[in-house]
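*Asks:* Dropping a prediction and its sequence here:
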Amino acid sequence: DSGVTQTPKHLITATGQRVTLRCSPRSGDLSVYWYQQSLDQGLQFLIQYYNGEERAKGNILERFSAQQFPDLHSELNLSSLELGDSALYFCASSVDRGSTDTQYFGPGTRLTVL
Amino acid sequence: QKEVEQDPGPLSVPEGAIVSLNCTYSNSAFQYFMWYRQYSRKGPELLMYTYSSGNKEDGRFTAQVDKSSKYISLFIRDSQPSDSATYLCAMIEGSYIPTFGRGTSLIVHP
């Protein structure tokens, strides 16, 4: 158990809908990262927050947004969902913001868009 | 061509075998190299991390980096059925954005 929690575990929704994925980092970790993992693209970095502020951005679509709250939990919002958004979404956390800080991954949220 | 190439496998070996997992990359700016293990239905977990060419050992695991050839390897000695998982290589060029390989599925059969 990495100490990172993600809810929900599974999410099934329809095209065009909007969903929110939630992540609670390990106690004491200030950075939160979001990743998307699909069979054809592998694990793709989406975005990083450090202590409430956006720190780095990867290949995150404009339909997706994230935020980190004062209690350091984070939410990833996915809107106007398409079939291709079906994937595993992982959250990871680390103590600091450095590129070499060990990232601890949560168990993931499996999103299915029908 | 993707920046990081990794054979998806599956790689099937008998228990006790030495396993070699590899990644090649095209971006010479990559400085930090990592190996993650991902069990089915779980998130990746960091196995090893290195930033220099050469070997780094941790128990049964050895990570090897050859920057001149843009090639990294993970060796697993005395492989166990519990090592059956997907192994992902990842690289960072100094920003905070890691680039992952697609992962190699390893099956160690008793």
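*Replies:* Everything's here; your move.
*Asks:* can we go C-alpha only for contacts and neighbour counts from here?
*Replies:* OK.
*Asks:* low-scoring stretches of chain B, by residue?
*Replies:* By pLDDT under 70, the weakly predicted segments of chain B are B:1, B:95-96.
*Asks:* Tell me the residues of it that contact chain A?
*Replies:* Contact residues (CA under 8 Å from any CA of the partner chain) of chain B with chain A: B:32, B:41-46, B:92, B:94-103.
*Asks:* Just want the most central residue of chain A.
*Replies:* A:Trp34 (3.1 Å; CA atoms, centre = their mean).
*Asks:* where's that one, which helix or strand?
*Replies:* Element membership for A:Trp34 (DSSP states H and E) is strand A:31-38.
*Asks:* in the sheet, who's paired with the residue nearest to the centre of chain A?
*Replies:* Following DSSP bridges, A:Trp34 is listed with bridge partners A:Ile47, A:Cys91.
*Asks:* Surely it and A:Ile47 touch.
*Replies:* Yes. Using CA atoms under 8 Å, A:Trp34 is in contact with A:Ile47, at 5.4 Å.
*Asks:* rewinding a little: could you report the distance from the residue nearest to the centre of chain A to A:Tyr50?
*Replies:* 12 Å (CA to CA, to the nearest Å).
*Asks:* residues contacting residue 9?
*Replies:* Using chain A here. Contact partners of A:Lys9, counting by CA atoms under 8 Å, 6 or more residues apart in numbering or on different chains, are A:107-110.
*Asks:* Hmm, no, I was thinking of chain B.
*Replies:* Contacts of B:Gly9 by CA under 8 Å, 6+ apart are B:104-106.
*Asks:* picking up where we left off before, can you give me the pLDDT of the residue nearest to the centre of chain A?
*Replies:* pLDDT, A:Trp34: 97.
*Asks:* and the gap between it and A:Val19?
*Replies:* Applying CA to CA, the value for A:Trp34 to A:Val19 is 15 Å.
*Asks:* Over to B:Ser20?
*Replies:* Here the criterion is CA to CA. By it, B:Ser20 lies 40 Å from A:Val19.
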